[in-house]
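> Pasting a predicted model and its sequence here:
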Amino acid sequence: MSDEKFVLAIDEGTTSTRAIVFNHSGQIVAVGQQEFEQIFPRAGWVEHDPIEIWEAVRDVVGLALTKANINRHQLAAVGITNQRETAVVWDKNTGDPIYNAIVWQDTRTQKICDELAGDEGADRFKHICGLGLASYFSGPKVKWILDNVEGAREKAEAGDLYFGNMDTWVLWNLTGGTEGGVHVTDPTNASRTMLMNVKTLEWDDSMCEVMGIPKSMLPEIKSSSEVYGYGRKNGLLIDTPISGILGDQQAATFGQACFEKGMAKNTYGTGCFMLMNTGEEAIFSENGLLTTVCYKIGDQPTVYALEGSIAVAGSLVQWLRDNLKMFETAPEIEALANTVEDNGGAYFVPAFSGLFAPYWRPDARGALVGLTRYVNRGHIARAVLESTAYQTREVLEAMNADSGVPLTELRVDGGMTANEALMQFQADQVNVPVVRPVVAETTALGAAYAAGIAVGFWEGEKDVTANWAEDKRWEPKMDQDERERLFRNWKKAVTKTFDWMDDDVKE
């Protein structure tokens with residue numbers, strides 16, 4: 001058996017669970033992946049089965065280790081990254097969830113958010129948690145479960161229930177579950193609940209009280225890089241240190257080596273998420289962005305970020321594939337889009353869950369506008385791809401305004417970066433170079449780095465920077481007048497989605 005050591009990252013995403021084995025150079029050795037069911041009980045409701053996800057974690061770990069032809073003895077550490085605001089509540093005595101996990105895209109808690117906002121508005125608690133009131137975040141989801149699941153509040157008050165984002169659920173099960181499982185999260189995930197004070201990194205009594213959530217439910221907040229516990233329940237990882245947790249977008253920022261203040265990355269996945277490192281200062285946005293913890297490595301100072309969250313990006317491509325049957329596989333959209341020279345005047349605003357940054361309009365719903373008889377399938381495919389680039393430009397402009405430092409390049413990662421047409425159009429719209437790294441799986445890589453740094457497998461950020469390498473760069477090519485014309489029409493299209501949901505329209 002080789003003496004070479006590796007790090008395993010568990011990437012618990014929105015549509016699939018993956019386990020990826022990385023070597024010391026940060027290169028992918030093997031991948032195990034498994035999709036899980038997307039549950040839509042009503043319009044606007046999105047759920048996952050936590051048990052199915054835990055079973056998927058076990059399956060993909062075995063698959064990745066088998067493909068890499070290694071076992072746990074060759075793993076230096078395990079890191080976890082996850083879909084962040086997705087909330088699960090479970091009985092700590094039985095290990096059974098009391099309800100499905102409510103996914104970050106779910107909008108059922110909008111009334112709760114409106115009630116909590118009252119006359120003070122959605123930014124009522126922003127000075128505490130860095131977030132505006134929105135159905136996006138975990139806290140209102142937990143409140144909904146306690147208010148609507150029979151017996152839940154009584155169990156919570158009795159101290160029998162645990163809450164966590166998906167990182168906490170996976171870690172608790174990996175480390176033993178009902179047999180001594182570790183109930184822990186990290187600041188990147190805790191900062192997405194509305195329950196943590198973003199400056200002190202502690203659960204805030206006033207936020208817990210206003211949400212009606214007993215603090216006994218909440219996991220202990222530890223750093224993003226330290227040994228939390230050891231594998232117990234899953235024999236494939238028994239006695240292996242689990243030592244890194246980063247929410248998926250922060251993990252990608254870490255994996256992209258965005259360690260300097262002002263550096264930014266954009267991840268193209270189910271949604272689209274841009275983070276800009278703001279250093280050790282929590283900057284509170286005046287332009288519709290979120291203040292979030294970027295990472296905290298062991299005892300080192302906390303690093304913060306501004307984030308622009310876009311709800312629908314890759315999932316719009318999936319929607320064309322699954323709901324409209326326009327093609328069989330997601331990558332086929334590029335060839336379809338390339339059958340036409342432009343969007344034919346069509347714009348697709350994918351406000352399926354309302355609009356996130358920088359608008360925060362829960363009343364918005366998706367719209368396909370600018371249609372004429374000329375528009376065909378190719379134009380719609382192009383409009384779908386372009387919508388991601390337009391939304392990214394809006395977020396980037398908000399970041400430039402908040403930070404006062406115009407971005408000079410945009411580092412990109414995620415599945416959609418394989419789409420050449422989209423990446424070129426993205427560069428054209430933001431008017432700065434778009435750069436893709438050699439290892440595009442930066443979310444899993446970031447979690448692996450956090451775990452490996454905790455056990456000395458990597459020495460710290462300098463090793464991450466040394467491993468990062470550019471794969472491809474797209475330079476802006478579009479004429480300035482055309483760039484602005486397209487964007488002006490996009491902004492016009494966005495206004496057509498406003499005020500769709502009102503008292504007369506049922507979800």
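Okay, I see it.
> What helix or strand is residue 140 located in?
helix 138-148 (DSSP states H and E).
> same check, this time on residue 491
Secondary structure from DSSP H and E places residue 491 in helix 480-495.
> Check residue 229 too.
strand 225-230.
> Tell me which strands that strand pairs with, and in which orientation.
strand 241-247 (antiparallel) (DSSP bridges).
> And the contacts of the next helix or strand after the partner strand?
Note on strand 241-247: by DSSP H and E, the next helix or strand toward the C-terminus is helix 248-255. The contact list for helix 248-255, computed with C-beta atoms under 8 Å, 6 or more residues apart in numbering, reads 11, 13, 81-84, 188, 224, 246, 265, 267, 269, 273, 275, 277, 292-295, 305, 307, 413-414, 439, 441-447, 449-450, 464. From N, CA and C alone the C-beta is placed, and that goes for glycine too.
> ok, and for helix 248-255, which residues are buried?
248-255 (16 or more other C-beta atoms under 10 Å).
> Could you give the average pLDDT over it?
For helix 248-255, mean pLDDT is 94.
> Likewise for stretch 56-76?
Computed over stretch 56-76, the average pLDDT equals 94.
> now stretch 393-411
For stretch 393-411, the per-residue pLDDT averages 89.
> Also stretch 361-372?
93.
> just stretch 444-451 next, same as before
Stretch 444-451 shows a mean pLDDT of 96.
> what does stretch 121-133 give?
91.
> now what about it, what contacts it?
So stretch 121-133 is in contact with 113-114, 116-118, 134, 137, 140, 191-198, 204, 206-207, 210, 282, 284, 290-292, 360, going by C-beta under 8 Å, 6+ apart.
> So among those, which ones count as buried?
Buried among the contacts of stretch 121-133 by 16+ other C-beta under 10 Å: 113, 116-117, 134, 137, 140, 191-198, 204, 207, 210, 282, 290-292, 360.
> Among those residues, which ones are in helices?
113, 116-117, 140, 207, 210 (DSSP state H).
> Following the helix or strand harbouring residue 111 in sequence, what is the next regular element?
Per DSSP H and E: residue 111 is located in helix 110-117. Toward the C-terminus, helix 110-117 is succeeded by helix 126-129 as the next helix or strand (DSSP H and E).
> Run a quick neighbour tally on residue 186.
30 (other C-beta atoms under 10 Å).
> quick one, what contacts it?
Residue 186 neighbours (C-beta under 8 Å, 6+ apart): 167, 221-224, 245-247, 296.
> could you dump the residues you listed to CSV with distance to residue 338?
CSV is the format used below for those (distance: C-beta to C-beta, whole Å):
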residue, distance to residue 338
167, 39
221, 47
222, 48
223, 46
224, 41
245, 40
246, 36
247, 35
296, 44
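> Just give me the closest of these to residue 487.
residue 247 (30.0 Å; C-beta to C-beta).
> can I assume the closest one is in contact with residue 86?
No: at 10.5 Å, residue 247 does not count as touching residue 86 under the criterion of C-beta atoms under 8 Å.
> Of those two, which one has the most company?
residue 247 (34 against 28).
> Show me what the helix or strand hosting residue 170 is packed up against.
Secondary structure assigned from DSSP H and E places residue 170 in helix 166-174. Counting contacts by 3 or more C-beta pairs under 8 Å, 6 or more residues apart in numbering; DSSP states H and E, helix 166-174 is packed against strand 6-12, helix 50-68, strand 75-82, strand 87-91, strand 161-165, strand 184-185, strand 225-230, strand 241-247.
> Give me the nearest residue to residue 455, chain neighbours excluded.
residue 77 (4.7 Å; C-beta to C-beta, 6 or more residues apart in numbering).
> OK, contacts around that neighbour?
Counted by C-beta under 8 Å, 6+ apart, residue 77 has contacts 7-8, 240-244, 451-452, 454-455, 457.
> Okay, and the beta partners of it?
Where residue 77 sits in a bridge, its partners, by DSSP bridges, are residue 7.
> For it, give its distance to residue 450.
9 Å (C-beta to C-beta, to the nearest Å).
> same deal with residue 471?
23 Å.
> okay, those two: which has more neighbours?
residue 450 (35 against 11).
> relative orientation of the strand or helix carrying that one and strand 241-247 in degrees?
Using DSSP H and E, residue 450 falls within helix 442-454. In terms of direction (axes from the mean of the first three to the mean of the last three C-alpha atoms, to 10 degrees), helix 442-454 departs from strand 241-247 by 140 degrees.
> Which SSE is immediately downstream of helix 442-454?
helix 461-467.
> same question for that following helix, mean pLDDT?
91.
> could you point out which element follows it?
strand 470-474.
> how many neighbours does the residue lying closest to residue 431 once chain neighbours are set aside have?
Closest residue in space to residue 431, ignoring its immediate chain neighbours: residue 476 at 4.9 Å, by C-beta to C-beta, 6+ apart. The local packing of residue 476 (other C-beta under 10 Å) involves 16 other residues.
> show me what contacts residue 476?
Counted by C-beta under 8 Å, 6+ apart, residue 476 has contacts 427-428, 430-433.
> can you check residue 477 too?
Contact analysis of residue 477 by C-beta under 8 Å, 6+ apart lists 424, 427-428.
> just residue 358 next, same as before
Residue 358 neighbours (C-beta under 8 Å, 6+ apart): 287-289, 308, 394-395, 398.
> do residue 447 as well
Here residue 447 is in contact with 9-11, 79-81, 244-246, 251, 255 (C-beta under 8 Å, 6+ apart).
> Which of the residues you listed has the largest number of neighbours?
Going by other C-beta under 10 Å, residue 81 tops these with 37 neighbours.
> shouldn't that residue be in contact with residue 246?
Yes: assessed by C-beta under 8 Å, residue 81 is found in contact with residue 246 at 5.4 Å.
> Name the residues of the longest helix along the chain that are buried.
Longest helix of the chain, by residue count under DSSP H: helix 377-403. Within helix 377-403, the residues scored as buried using 16+ other C-beta under 10 Å are 378-400, 402-403.
> residues touching residue 31, list them.
18-21, 64, 67.
> Pick out the most distant pair among those residues.
Across the contacts of residue 31 (C-beta to C-beta), the longest gap, 11.9 Å, separates 18 and 67.
> what is in contact with those two at once?
31-32.
> more crowded one of those two?
residue 18 (24 against 14).
> SS state for the more buried one?
Of the three states, residue 18 takes strand under DSSP: H, G, I helix; E, B strand; the rest coil.
> Relative to residue 40, how far out is it?
23 Å.
> Residue 52 too?
Applying C-beta to C-beta to residue 52 and residue 40 gives a distance of 15 Å.
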